[in-house]
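> Would you be able to build a 3D model of this:
(chains A and B)
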Amino acid sequence: MKSPIRGIAIVCLTGLLAACGTSTADNSGTNTASAPGITTSTITIGSTQPLTGPAAPGYSEIAPASNAYFTYLNEHGGIFGRNIVYQYLDDGYNPTITASQTRKLILETKVFAMFSALGTPTHLAVIDYINSEKVPDVFVSSGCNCWNDVSKYPDTFGFQPDYTIEGKVLGQYIKQNLSGQKVGYFYQNDEFGLDGVKGLDDQLGASSIASRQNYVPTNTNVGPQIAALQASGAKVVVSFTIPAFTALALLTAAKLGYHPTWVVSNVGSDITTLTGLLKTFSKGLVGGQLLGGMVTDTYLPLVGDTSNPWITLFKRIHDTIIPGLPWDGNVLYGEVQAYTLAQALKAAGRNPTRSSFVKSLESTKLTGGPGLVPFGFASDNHLGYLGVQVATIAADGTETTTGSVYTSSDSGPITQYSGSASTPPTSGIP
Amino acid sequence: MVAANLRFGRLTRPTLSRHLLLGLGAALVLLAISTQIGAYDDYNLTAVAIFAVAAAGLTLLTGLNGQLSLGHGALMAVGAYTASLLLKDHQLPVVVVLLLAVLTTGIIGIVFGYAAARLRGPYLAGATLTLAVALPQVATRYKSVFGGDAGLTIPPSAPPTWLGADFPPERWLAWIALAAAVVTMVLLANLLHSSMGRTFIAVRDHEAAAALAGIDVARTQVLAFVISASCAGLAGALFGYWSGVTAPAGFGLGLSLQLVTAIVIGGLGSLAGAVWGSIVLVFVPSLTSGMASSLNVPSSVANNLPLAIYGAILVIAMLVAPHGIQGALKRLLALARARWAHIPAGQKKGVMDWDDPAPDP
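Predicted coordinates for the structure are as follows:
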């Protein structure tokens, strides 16, 4: 087959890149091929991503953005002199294809770890397999709390706050700032939406909700659900939706002359993606103006906050390496994931094995990164970011954070987070 | 009784022994191959065997009986969901699971076969298309039973202990799938060379003439549909084991169209063609899928390149070999025969019917 040739090509290319890069500060010890996917000069990691298919709009930018950060990292010496080789394969958001592509990465490419594999239904299809092969499975791109199950999945780690935590913090905001108004839900009828609703109910009380409407991503007619929300008199609608359905809900409501306060989960609220979708769906009639007044949340610096040093760094990398992609939340997300992986690899030491890498993730706190909140990683916890901060979108499309940063867990109380934001190292690499 | 005697008489003819010998030979060669290749190649070999089972069933229906089905992906889903539901709460041997999947899908095949036998041409294509589009939605609608979009997971079938602790599970699965494929091929090959196979072809070629010759057209069509559906069910159950997950997205319209692609690329109406088509179906995407991250082109181009290359290969294959891979091979063989040595009866040396070098089996 032709894979050996590709492998040789990659080794030659990365060798060339390594020769161009500057040497790292830490020179103690020598590099060995300490684990599958690790050579003296490279670390190969793999991922499955929706590069085509229904989830591709927006999400297909994540892997190229991570790769752009790795390119930057490799140009600046890599991790202990090793370059990161990132192999991401298209699964079209189809769990069956995820299953075969994951086996290709683990059995044929022999990646050191799976990284940023995207999607709840897609990743659930392979999580048993990855763990049975004892391959580290880090920073799954989904907020399902299914990734935090240490006894069943010892090698899997989440990334973003799970949807229940998000629901709780958004529910608390509604309770404190929009009290006295009828609340309705609009959510995706799977783990994503249902986990979010669990968190909301925890704060708002299940009995006080005026109307609960859901959708399945295969049916794009949301008219009946939005009409039911309008009829229920809900003045606040919490929407646990993917971007395409946030846009459909906003357009349908506008058509019906229904103008509640929209509270939208993080994954469904990226301004650039939504503006584009609104323009496409309405054939140019409306755009970003429908987003004014929306409430959402974030666990990263805001993508439009150019004064933030992290945003400056990541935008600079975007502008030089992947200028063809829009600068939006998906690109930021991919770059932050890549930065976090670099932190984790560095913490694992010069010659990690698969199990020592997992151990290190559980024992070292990955502090000093771009996140507003710390990670939950510990020997009994594989949850990613522990909380969020609420943000609002003004009529002119600018997003600003409001209130404190809160952390929580699925069952615990909500606590105000007092830690301060960090600044990136001048080199831009951990 | 007379029918039973006839059938017994048929079994003793040399056709059966020839097919059994061929099947045994193929099984031995495949067994040898599977032990010499790596785990990922075994995994791909499994996929080829699975698609070959489904494509063989479809080529019997479409190529030999003239009924186009765009819904075989959905029939595979029936097999896969049967296997998943059986394995959800019970531990059953693989053979039992596979046989029950064949049975369930066969029953669905009877129901749908009766409807299909009344329909012709585009109407039949439309009806089977409905099956492909609608059936996966059932899984989304009845989430508590079928697991919604995330689907149901299937625990891998662990290799028996006598093979050793280090025996790769991928190779074990390859053996199961290859065994299923060889058995299916032997049974179908035998069927095609029987009087039943000839009635299939008679119905395809001219329904009125077949009816005048005493063939029950509708019954023949239903029978073809049931046999074909059973093959799809077997392939579906194996597919479930292979991917470890049974989800609606895996059995969409795309899969049905892939199966039609396989039999057309391979050579319509030929079992060998079904195998060639399955090889193309599995290995071409596997070879192109790493391009997005390895090539230095804009991501909008790289992301879609594997699909574009796949499409281009299909177009080129149809232009170069309109009768499929098997058709092209037959032509080359017939050409060689006509040129050298063997001269078919009634033909002059160097002369051959280029359009139909070798008639249907």
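
> and B:Ile325, what element?
helix B:324-339 (DSSP states H and E).

> for the record, mean pLDDT for that helix?
Confidence over helix B:324-339 (mean pLDDT, whole number) is 86.

> Also stretch A:181-199?
93.

> near chain B, which residues of the stretch 201-350 of chain A?
A:Val216, A:Pro217, A:Thr218, A:Ile322, A:Gly324, A:Leu325 (Cβ under 8 Å from any Cβ of the partner chain). Glycine gets a C-beta too; all of them are placed from N, C-alpha and C.

> I'd like the average pLDDT over the helix or strand hosting B:Leu103.
B:Leu103 belongs to helix B:94-117 when assigned by DSSP H and E. Across helix B:94-117, pLDDT averages out at 94.

> hmm, back to that, among the residues of the stretch 201-350 of chain A next to chain B, which one lies nearest to B:Gly73?
The closest of those to B:Gly73 turns out to be A:Thr218 (Cβ to Cβ; 15.8 Å).

> residues contacting the closest one?
Going by Cβ atoms under 8 Å, 6 or more residues apart in numbering or on different chains, A:Thr218 touches B:Gln137, B:Thr140.

> measure it to B:Leu238 for me?
26 Å (Cβ to Cβ, to the nearest Å).

> Flag every buried residue along the helix holding B:Ile325.
By neighbour count with 16 or more other Cβ atoms under 10 Å in any protein chain shown, helix B:324-339 contains the buried residues B:Gly324, B:Ile325, B:Gln326, B:Gly327, B:Ala328, B:Leu329, B:Lys330, B:Arg331, B:Ala334, B:Arg337, B:Ala338.

> Quick check: the residue of the stretch 51-200 of chain B nearest chain A.
The minimum distance from the stretch 51-200 of chain B to chain A, using Cβ to the nearest Cβ, falls at B:Ala150 (4.0 Å).

> Model confidence at the spatially closest residue to that residue that is not a sequence neighbour, what's the number?
Excluding the flanking residues, the one nearest B:Ala150 by Cβ to Cβ, 6 or more residues apart in numbering or on different chains is A:Pro121, at 4.0 Å. We have a pLDDT of 86 for A:Pro121.

> what sits up against whichever helix or strand A:Pro121 is part of?
Taking DSSP H and E as the definition, A:Pro121 sits inside helix A:120-124. Taking Cβ under 8 Å, 6+ apart as the criterion, the residues outside helix A:120-124 that touch it are A:48, A:50, A:91, A:93-95, A:98, A:117, A:140, A:142, A:144, A:146-147, A:190-192, B:148-151, B:153, B:245, B:247, B:249.

> that older thread, what's the distance between the residue of the stretch 51-200 of chain B closest to chain A and A:Glu133?
B:Ala150 is 21 Å from A:Glu133, by Cβ to Cβ.

> Looking at the two now, which is surrounded by more residues?
Set B:Ala150 next to A:Glu133 and count neighbours by other Cβ atoms under 10 Å in any protein chain shown: B:Ala150 wins out with 25 against 17.

> Test my guess that that one contacts B:Ala247.
Yes: at 6.4 Å, B:Ala150 counts as touching B:Ala247 under the criterion of Cβ atoms under 8 Å.

> Could you tell me which residues touch both of those two?
Shared contacts of B:Ala150 and B:Ala247 (Cβ under 8 Å, 6+ apart): A:Pro95, A:Pro121, A:Ala125.

> burial count for the residue nearest to B:Ala150?
24.
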